[in-house]
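In: Quick one, fold the following:
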Amino acid sequence: MAGGDRLPAATAALPRPPLGGPVAGGVEGIGRVVALRLQPERPLVVLFKEDEICHVWVGQGRVRKVRQADLVEYEGALPPEEEAIARDILRLHTLPEGAPVAFLQSDPPGVTGHGVLVERCRFGALVQASDGRRMAVGFRRLWPDDHWIN
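Out: All right, here's what the predicted structure looks like:
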């Protein structure tokens with residue numbers, strides 16, 4: 001796929017819902033570790049921010065929408081899970097569209113696939129796999145692939 005090619009809107013829209021839709025604009029604050037004002041001891045990771053609403057990782061694969069005004073900076077030691085989540089979401093949002101990526105496939109499970117990042121979404125990306133399939137890949141299952149060129 002050439003760097004400037006885009007998926008047709010009807011095709012691209014199909015896998016977007018579980019990924020939260022396309023990213024429009026900046027990604028300011030993504031990966032920041034915060035806490036609820038009323039629970040400052042519990043770390044949360046900002047996965048996406050739109051206007052005054054933050055989508056935060058609350059643990060075990062769950063995401064919650066929280067008003068930015070209800071969040072404070074987390075001041076404790078960062079647990080490994082939150083550190084990994086922050087690293088993975090930042091990695092996704094620093095990848096340019098058209099970049100070669102590797103991803104953990106669900107079919108067949110556990111196999112690493114290769115492809116090109118077509119569009120970044122809030123919680124993952126649309127990827128054109130090397131075999132031509134277009135798929136939605138969550139941010140935890142996607143990383144840069146410097147060794148594969150399509």
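
In: from the middle of its chain, how far away would the strand or helix carrying K65 be?
Out: Taking DSSP states H and E as the criterion, K65 maps to strand 62-67. Put simply, strand 62-67 sits 15 Å off its chain's centre (CA atoms, centre = their mean, to the nearest Å).

In: Show me what it is packed against.
Out: For strand 62-67, the elements it packs on are strand 39-50, strand 53-59, judged by 3 or more CB pairs under 8 Å, 6 or more residues apart in numbering; DSSP states H and E. C-beta coordinates here come from the backbone N, C-alpha and C atoms, glycine included.

In: and the residue in the chain sticking out farthest from the centre, what pLDDT?
Out: Here the centre of the chain is the reference, and by CA atoms, centre = their mean the most remote residue is L38, at 26.8 Å. As predicted, L38 sits at a pLDDT of 95.

In: for the chain, what's the longest helix?
Out: helix 80-94 (DSSP state H).

In: Could you point out the helix or strand that follows that helix?
Out: With DSSP H and E, the next secondary element past helix 80-94 is strand 100-106.
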